[in-house]
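Asker: Generate a structure from the sequence data that follows.
(chains A and B)
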Amino acid sequence: NAGVTQTPKFQVLKTGQSMTLQCAQDMNHNSMYWYRQDPGMGLRLIYYSASEGTTDKGEVPNGYNVSRLNKREFSLRLESAAPSQTSVYFCASTQEQGVIGELFFGEGSRLTVL
Amino acid sequence: AQSVSQHNHHVILSEAASLELGCNYSYGGTVNLFWYVQYPGQHLQLLLKYFSGDPLVKGIKGFEAEFIKSKFSFNLRKPSVQWSDTAEYFCAVKGNNRLAFGKGNQVVVIP
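Answerer: Numbers count the residues shown, from 1 in each chain, chains lettered A, B, ... in the order given. Purely as a prediction, here's the structure:
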């Protein structure tokens, strides 16, 4: 049972470098999400995709871009990384289209920006 | 947009003690409510959820939560905790097709 798979699990970047976090789900879910988790801040929504072909901003979209490549895959890109983007990133998916039910989370990607 | 408040961010207690974590939300419409748990080094997992019906919801591992609409609350409880309940607990509220998370409660159970 793969569920939601994120890569890479760990990454260290220098300020200004770019990178893409990959996320794939094998549950045929319609909606996918990217969250960041910071100590004492809980989870904050960066971007989400209610269905294939659509993406929308969440609470903290600045500095990020996303692509819903197909129904399975939803990538998060940092074009010019900043130390403030040091965080743990979680991808999640849910069956409902545009309506959030139970979220299934990936194992997280720990990003450090120096 | 809805918001979620969780108090007492750090909780330390001994095995067999009772646990109650508060969750209050602000949203005037129909809500769906969730508690997620994150064990050390793992991803978030659903503990329990409330959509409708009986406001007392039972989840996995002996946890339960009670939805009190008049108080805008969805508190999590467990009568007797175990060391394996050491984790971070997040309340989440869905309203208007958006899901908002609280800041979490870090719970440490001492053997």
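
Asker: do the helix or strand bottoming out on mean pLDDT in chain B and chain A meet at all?
Answerer: Ranked by mean pLDDT, DSSP states H and E, the helix or strand of chain B with the weakest confidence is strand B:98-101, at a mean of 82. Yes. Using C-beta under 8 Å from any C-beta of the partner chain, strand B:98-101 reaches chain A at B:98-99, B:101. (Each C-beta comes from the backbone N, C-alpha and C, glycine too.)

Asker: Okay, now the sheet partners of the next helix or strand after that strand, with direction.
Answerer: Remark: after strand B:98-101, the chain's next helix or strand is strand B:105-110, criterion DSSP states H and E. Take DSSP bridges as the rule and strand B:105-110 pairs in its sheet with strand B:10-14 (parallel), strand B:87-95 (antiparallel).

Asker: For the longest one, which outside residues touch it?
Answerer: Put plainly, it is strand B:87-95. Defining contact as C-beta atoms under 8 Å, 6 or more residues apart in numbering or on different chains, one finds that strand B:87-95 is touched by A:42-43, A:100-101, B:2, B:4, B:6, B:21, B:23, B:25, B:27, B:29-40, B:44, B:47, B:74, B:76, B:99-102, B:104-107.

Asker: And these, which of them are buried?
Answerer: By neighbour count, with 16 or more other C-beta atoms under 10 Å in any protein chain shown, these hold A:42-43, A:100-101, B:2, B:4, B:6, B:21, B:23, B:25, B:27, B:31-38, B:44, B:47, B:74, B:76, B:99-102, B:104-107 as buried.

Asker: quick one, what contacts the spatially most central residue of chain A?
Answerer: Among the residues of chain A, the one closest to the centroid is A:Trp34, at 2.8 Å (C-alpha atoms, centre = their mean). The contact partners of A:Trp34, by C-beta under 8 Å, 6+ apart, come to A:21, A:23, A:45-48, A:58, A:64, A:66, A:74, A:76, A:89-92.

Asker: contacts with chain B among those residues, please.
Answerer: A:45, A:90, A:92.

Asker: Name the nearest of those residues relative to A:Leu111.
Answerer: Among the ones next to chain B among the contacts of A:Trp34, A:Phe90 lies closest to A:Leu111 (C-beta to C-beta), at 11.4 Å.

Asker: I'd guessed that closest one sits against B:Gln42; true?
Answerer: No. Counting by C-beta atoms under 8 Å, A:Phe90 stays clear of B:Gln42, with 11.1 Å between them.

Asker: Of these two, which one has the most company?
Answerer: Neighbours per residue (other C-beta atoms under 10 Å in any protein chain shown) separate A:Phe90 from B:Gln42, with A:Phe90 holding more: 25 against 12.
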